[in-house]
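# Okay, sequence plus prediction incoming.
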Amino acid sequence: MTEIYLEISKLTDKFRNMAYGLTSDKNDVNDAVQELMLYLIQMNPSTLKTIYDNDGIDGVTRYGAVALRRALTSPRSNYYYKYKKYYSHIDSLTSAVTYDEMETGETIPSKHLYNLPNELVDNYQWTSLEKIDKALESFSWYDSKIFTLYYYECNTLSSLAQKTGISRNSLFTTIDKVRVQLKDKLSE
């Protein structure tokens, strides 16, 4: 398999040239080729070996070309979800100015990361967390500690069960009970 992966790594420039046939944006080309390489490395080794054994590196190149075209044109591809969808959402947040000047003097369209508005962070989230902390003080130490470990330290139920020695079902029941009671207390 190492031989196949080494041959695939040599195809990077070829895949970049193919991607320029679909888009002229250098960043899109680099991101799509990187995503393709990741896809080829993570795909089922037996499938990749079969393609390589049947058609050699040309078969892998054709397979990669189809995957690359699909990545750049399909709204259901992994590339679209990782890059295009995210950046198009950011683009909707940008200012309405048509063109801006960067510090380098380069003219760029307004739909760019450099044009994100400089908004102040709202303290709403922090005040909500403070309300939750204050409400948790009225719970038993066990309930508040389990809730804190789960939500604030981002543990999963399985990892928390493993760390504490408490069953997943018991943890779930406790966390769900505290969550419901917190909703009631905070809505008052």
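Nice, thanks for sending it over.
# And the chain, what are its domain boundaries?
2-88, 124-187 (automatic domain parsing).
# so which of those domains is the most packed in?
Compared across the domains of the chain, domain 2-88 shows the largest average neighbour count, a mean of 15 (mean count of other Cβ atoms under 10 Å). Heads up, the C-betas are built off the backbone N, CA and C, glycines and all.
# about what we covered before: can you lay out the domains of the chain as TSV showing mean pLDDT?
Below are the domains of the chain laid out as TSV (pLDDT from 0 to 100):
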stretch	mean pLDDT
domain 2-88	83
domain 124-187	86
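# which residue packs closest to the residue nearest the centre of the chain, ignoring adjacent ones?
The geometric centre of the chain, computed from its C-alpha atoms, lies nearest to K82 (Cα atoms, centre = their mean), at 5.9 Å. Computed as Cβ to Cβ, 6 or more residues apart in numbering, the closest residue to K82 that is not its neighbour in sequence is E35, at 6.8 Å.
# Tell me if I am right that that neighbour is in a helix.
Yes. Using DSSP: H, G, I helix; E, B strand; the rest coil, the assignment for E35 is a helix.
# Strands of the protein, start to end?
99-101, 107-109 (DSSP state E).
# Comparing those strands by mean pLDDT, which bottoms out?
With a mean of 45, strand 99-101 has the lowest mean pLDDT of these.
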